[in-house]
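> here's a sequence, model it:
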Amino acid sequence: MARFCTTSGRSCIPSCNNREAGLNAASKMAVISIERMGLLSVVCVSLLFSSAFAVDRGNFKTCDQSAFCKRQRALQQGHSPYRALLDTLELSDSRMTLQLINDNNKVHLLLELYRLQGNMTRVKINELKPLKPRFEVPDVLIADPPTEPLSLLSKDENGVVLSLGAESQRLIVSARPFRLDIMEGPEVLLSLNSRGLLAFEHLRLRKDTQAQPDAAEVKDNVDEAQQQEEGEKEEEGESEKEESGLWEETFKSHTDTKPNGPTSISLDFSLPGVEHVYGIPEHADSLKLKTTDGGEPYRLYNLDVFQYELYNPMALYGSVPVMVAHNAQRTMGIFWLNAAETWVDISSNTAGKTVFGKMLDFVQGSSETPQTDVRWISESGIIDVFIMLGPKPADVFSQYASLTGTQSFPPLASLAYHQCRWNYNDQEDVRSVDQGFDQHDIPYDFIWLDIEHTDGKRYFTWDPHKFSEPKEMLQGISDKKRKMVAIVDPHIKVDSAYKIHNEITSKDFYTKNKEGVNYEGWCWPGNSGYPDFTNPEMQAWWASMFAYDQYEGSMENLFTWNDMNEPSVFNGPEVTMHKDALHGTWEHRDIHNLYGLYVHMATAEGQIQRSGGVERPFVLTRAFFAGSQRYGAVWTGDNAAEWDHLKISIPMCLSLGLVGISFCGADVGGFFKHPSTELLVRWYQTGAYQPFFRAHAHLDTPRREPWLFGSENTALIREAIRQRYALLPYWYQLFYHAHTTGMPVMRPLWVEYPMDTATFTIDDQFLLGRDLLVHPVTEEGARGVTAYLPGAGEVWYDVHTFQKHSGAQNLYIPVTLSSIPVFQRGGSIIPTKERVRRSSVCMENDPYTLYVALGPQKLAEGELYIDDGHTFNYDKKKEFIHRSLTYAKKVLTSRNLCPDCNFSTPSWIEKILILGASKPSKVLLKVNGKETSVEFEFDTSMSVLTLRKPGMNAGADWTILLQ
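Numbering: from 1, shown residues only. Predicted structure coming up:
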């Protein structure tokens, strides 16, 4: 939640909610700053007036300004100094180890290779004898990945060949220079160090100080480091003292001391036959990743970026170092397990070629195989990479889920609509907004409170004047079966009268600065401390603070929003924490991208613990890393009320889904600026079909509750939200499958149509599960959109008109402001609840409507999943209903997929629509051996058969026969 009152986009001051008439935002902030913060604020104010509604790129590093990135990028490919020492090879049941040597400086590295269950290979490279341990990322993998045996097929002086088991897969290690190839039959699937860009900056003694490392037991390693000195001089030309950024680096006014010196790592990967790569979020960019030749690499470094720019590779709030490569034959993934600042370069031998150029190559018989080359560069840590070999998209999702876990199964209510703004002013304001939804017959489930609800930005507290009776407020919305989310950020006001600060101080849980004193920086409360969330004891204590007897005023229907957890430090380098801050023995540079995950994890655990482990949590986070999917939802941060920001929300969430984070959304309407009415309506229509559906707005924007834009637009917004509520049963079972299988909820078309090259770059439309295709209207003044309907020989039905269309075509769809182009795949069955009420909980026992869309062979299949919607009983007690719905030979059947499950529902089947049907003479229902006739209607013009009130229980076995 970066705010308008900023220093080049960041706040200099504790508060910015003065709304007095006659003061614009900047002048208001200037007055308050000067009053409260004296001389320091003068600097802030001078910068504030120069800031505009756009990112100040000068606040954030380019690769050239990041010393390690510049160093690594300057390396020339094709001259690798690394050689495999084959006589050091050791092979056990679970791994192969082999030493590498850098012939320039004689430093030895240890290569470890693992064949993992599920068609994956793990490659680790570390120093053989580091001066002290290098950081290895903890807590991201859900367990040590199970291994399978490697077997040696051949070995000579040039290399070794290992069997990877399935389908003639082999792993070839070449000795000079070191190179690793994974092959299947005659095909190379992937190569490591084929361009010779492996680089591993070893820990060393600083030559001008000869400073000794901390531990006495590394004496042998110190001796070895000293012996390497001659080699280093040869490698570096004795210029280390003169090269900037090795032992100290300055960016703007901030100096990063580097007590460990240069520690960066790099490795290149080549992907023959691949032209399309995806993933490595978070970036405001297209779904297909672009080549970076001649430009900036993609950066992974969690940062609080004020109103980010679109279509560039700058770092944003979260980082997931996972790339997915796809062609018509295979899908693969690369998971680079490193939490330090990381840059990713991408090049392709087909980049820049026009379609005509590619056709010319084909006609002329060009033998050049398409290839994408990827290079990962990280500031510290070790090389630890998982190669996921697919071969299908679903296999890659399953492989990654086996490593880092699946999307948490959210409470059903959290999949409904959320109403938020910075800020609802007081309890009366909350009550008024709540009533407004009822008065205008618009459902919602969650209302949100931003930072102003607290007592002076002290989290876990309430403003004593504006929110003096929080339980009364919470009870009022609970009576309507609704819930609330309150923000709890990880920066803690330094205030001796604040319980949270005092306890963290007394337990010594704060992150330290380089001198070992509590690290402090500026954020919303003013001077703030930053808890060390890498400490398990700190995590446990933080979780305990969500207990009802600790978090005063909280109740069962209060949930949590973790913002600013990159962490955001307004007066820090790049608006974040200094890299030489300390988390125990590790520098912040080692763990930076993990910080937000730890905050999210501890908060989710707190919500689980407060209910005795019964209730599922709901926690929204802005910062994230690999594994964050296990703890809740993310959103795309501080977007703007602009059409391009609406468009970019689609590829941003698609990219997150490809790397495990399905519960994604964007601020509906845009956080900054004021949307036109048309843009707001179109954003609601788009958001209603994205996983996390929340409207949010900046303090200085006009109010934009859905009923404030005239009755016609209120009706359009109401209809979009109601479509969301009707589809909640389908959304819920999609998240159940995401939780159990790792499949993304919101999918690029190529995930389901992997051989259709026309789908590989589409990112203005998407699939929800397999069966709904959505093409939101994201162009201003649009009178039509062209949607690609995939699948040769398939059919798609317009969900609003039931018109049938053939697959494998570009379909032009005329649109009005009420249009939301959505299509159901022929061959699918989708459950809905058509009686939309004031909240999802009020719909719990409502009846179902089934939409049976027949494919060309007059077949269809689907599912129905039901549980209590909010507890872990589905997992701990197998309390759920899971049924298979199939239609074949004019028979529709419901069959139990979990005979030993124990759950019942009063919900029944109210209506069944069969699309693409022929008219029957009679419809019979069979339940428990008894037959009854069913009332039906048939629309000849659209071939739609409607069965009314068949009346069977949603959890029962039943069969419907069309005669």
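
> please enumerate the strands of the stretch 601-750 of the chain.
Assigned by DSSP state E, counting those that start in this stretch, the stretch 601-750 of the chain shows strands spanning 619-621, 633-635, 664-665, 667-668, 693-695, 746-747.

> next, count neighbours for the residue lying closest to Leu303 once chain neighbours are set aside.
Nearest residue to Leu303, sequence neighbours excluded (CB to CB, 6 or more residues apart in numbering): Ala315, at 5.0 Å. Quick note: C-beta positions are derived from backbone N, CA and C, even for glycine. If you count neighbours by other CB atoms under 10 Å, Ala315 ends up with 25.

> out of the strands of the stretch 601-750 of the chain, the one nearest Pro906 is which?
Closest of the strands of the stretch 601-750 of the chain to Pro906 is strand 693-695, at 26.9 Å (criterion: CB to CB).

> how far does the closest one sit from its chain's centre?
How far strand 693-695 lies from its chain's middle: 16 Å, per CA atoms, centre = their mean, to the nearest Å.

> please identify the pairing partners of that strand and their relative orientation?
Strand 693-695 has the following sheet partners, assigned by DSSP bridges: strand 417-419 (parallel), strand 667-668 (parallel).

> name the residues that touch it?
For strand 693-695, the external contacting residues (CB atoms under 8 Å, 6 or more residues apart in numbering) are 415-421, 446, 448, 635, 665, 667-669, 684, 687, 704, 706, 724.

> thinking again about what came up before, which one of the strands paired with strand 693-695 is the most hemmed in?
Comparing these by mean neighbour count (mean count of other CB atoms under 10 Å), strand 667-668 comes out on top with a mean of 29.

> that one: how far from the chain's middle?
Per CA atoms, centre = their mean, the centroid offset for strand 667-668 relative to its chain is 16 Å.

> tell me the SS of Asp144?
For Asp144, the assignment made with DSSP: H, G, I helix; E, B strand; the rest coil gives coil.

> so who does Cys898 touch?
Residues near Cys898 by CB under 8 Å, 6+ apart: Lys878, Phe880, Ile881, His882.

> the second one against Gly869, yeah?
Put plainly, it is Phe880. No: the criterion here is CB atoms under 8 Å, and Phe880 misses it with Gly869 at 10.1 Å.

> about what we covered before: closest one of the contacts of Cys898 to Leu699?
For the contacts of Cys898, the closest approach to Leu699 (CB to CB) belongs to Phe880, at 42.2 Å.

> what about the closest one, neighbour count?
Quick note: Phe880 (other CB under 10 Å) scores 19 neighbours.

> same thing with Thr801?
If we define neighbours as other CB under 10 Å, then Thr801 has 9 of them.

> start the count at 6 instead of 1 going forward.
Sure, I'll start numbering at 6, so the last one becomes Thr806.

> so what's it closest to, chain neighbours aside?
Nearest residue to Thr806, sequence neighbours excluded (CB to CB, 6+ apart): Met947, at 7.4 Å.

> which residues of the chain score low on pLDDT?
6-58, 171-172, 213-247, 356-372 (pLDDT under 70).

> please report the distance of the residue of it positioned farthest from its centre from Ala792.
Distance from the C-alpha centroid of the chain peaks at Ser926, with 51.1 Å (CA atoms, centre = their mean). Going from Ser926 to Ala792 by CB to CB, to the nearest Å gives 37 Å.

> then His597?
His597 sits at a distance of 41 Å from Ala792 (criterion: CB to CB).

> higher neighbour count, these two?
Between His597 and Ala792, counted using other CB under 10 Å, His597 has the larger neighbour count: 29 against 21.

> so that one, which state does it fall into?
Put simply, His597 is helix when judged by three-state DSSP.

> I'd say it and Leu305 touch.
No: contact criterion CB under 8 Å: His597 and Leu305 do not qualify, at 9.9 Å.

> shared neighbours, those two?
Listed as contacting both His597 and Leu305 by CB under 8 Å, 6+ apart are Glu346.

> quick one, strands of the stretch 356-505 of the chain?
Listed in chain order, the strands of the stretch 356-505 of the chain (DSSP E, counting those that start in this stretch) span residues 376-383, 388-393, 422-424, 451-454, 488-492, 497-498.

> just put the strands paired with strand 698-700 in JSON lines and tack on distance to Gly662.
What follows is those, written out as JSON lines (distance: least, CB to CB, whole Å):
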{"stretch": "strand 422-424", "distance to Gly662": "19"}
{"stretch": "strand 672-673", "distance to Gly662": "18"}
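
> how many residues are close by the closest residue to Glu189 other than its chain neighbours?
Leaving out its chain neighbours, the residue that sits closest to Glu189 by CB to CB, 6+ apart is Gln174, at 5.1 Å. Gln174: 18 surrounding residues under other CB under 10 Å.
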